[in-house]
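Novice: my questions concern the predicted model and sequence given below.
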Amino acid sequence: MPLDRLVLILVCVAAAAGVTIWIAQLVFVAIGLSPVAALAIGAPTALVLYIAVRIIADRVGNAEDDHYDGIEK
């Protein structure tokens, strides 16, 4: 992979993360939460969502779970 493409990907990821944090901050301020309260709510929520996505991805992509799919009923 060329270096300029890698740098472009990193810049796009950093910009997307910044925009996501900015939008989340706007939403939390709009509903009247302080930045500390937003962090106290946002961090555990993000952790739970991350774990849920990992569990779902593991169950969808696990080849051992597909063993019974080919058995005739």
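Specialist: Looks like it arrived, so ask away. The structure displayed is predicted, hence computed values, not measured ones.
Novice: number of nearby residues for residue 23?
Specialist: 10 (other CB atoms under 10 Å). C-betas here are computed from N, CA, C, even on glycine.
Novice: and it, what element?
Specialist: Taking DSSP states H and E as the definition, residue 23 sits inside helix 3-30.
Novice: off-centre distance for that helix?
Specialist: Here helix 3-30 is found 13 Å from its chain centre; the criterion is CA atoms, centre = their mean, to the nearest Å.
Novice: packing partners of that helix?
Specialist: Under the contact criterion of 3 or more CB pairs under 8 Å, 6 or more residues apart in numbering; DSSP states H and E, helix 3-30 touches helix 35-61.
Novice: distance of the residue nearest to the spatial centre of the chain from residue 57?
Specialist: In the chain, the centroid-proximal residue (CA atoms, centre = their mean) is residue 50; its distance is 5.9 Å. For residue 50, the distance to residue 57 (CB to CB, to the nearest Å) stands at 11 Å.
Novice: where does the protein dip in pLDDT?
Specialist: Scanning the chain for pLDDT under 70 picks out 63, 65-73.
Novice: what residues go with each domain of it?
Specialist: For the chain, automatic domain parsing gives the domain ranges 1-32, 34-63.
Novice: on that earlier part again, list the residues that contact the residue nearest to the centre of the chain.
Specialist: The contact partners of residue 50, by CB atoms under 8 Å, 6 or more residues apart in numbering, come to none.
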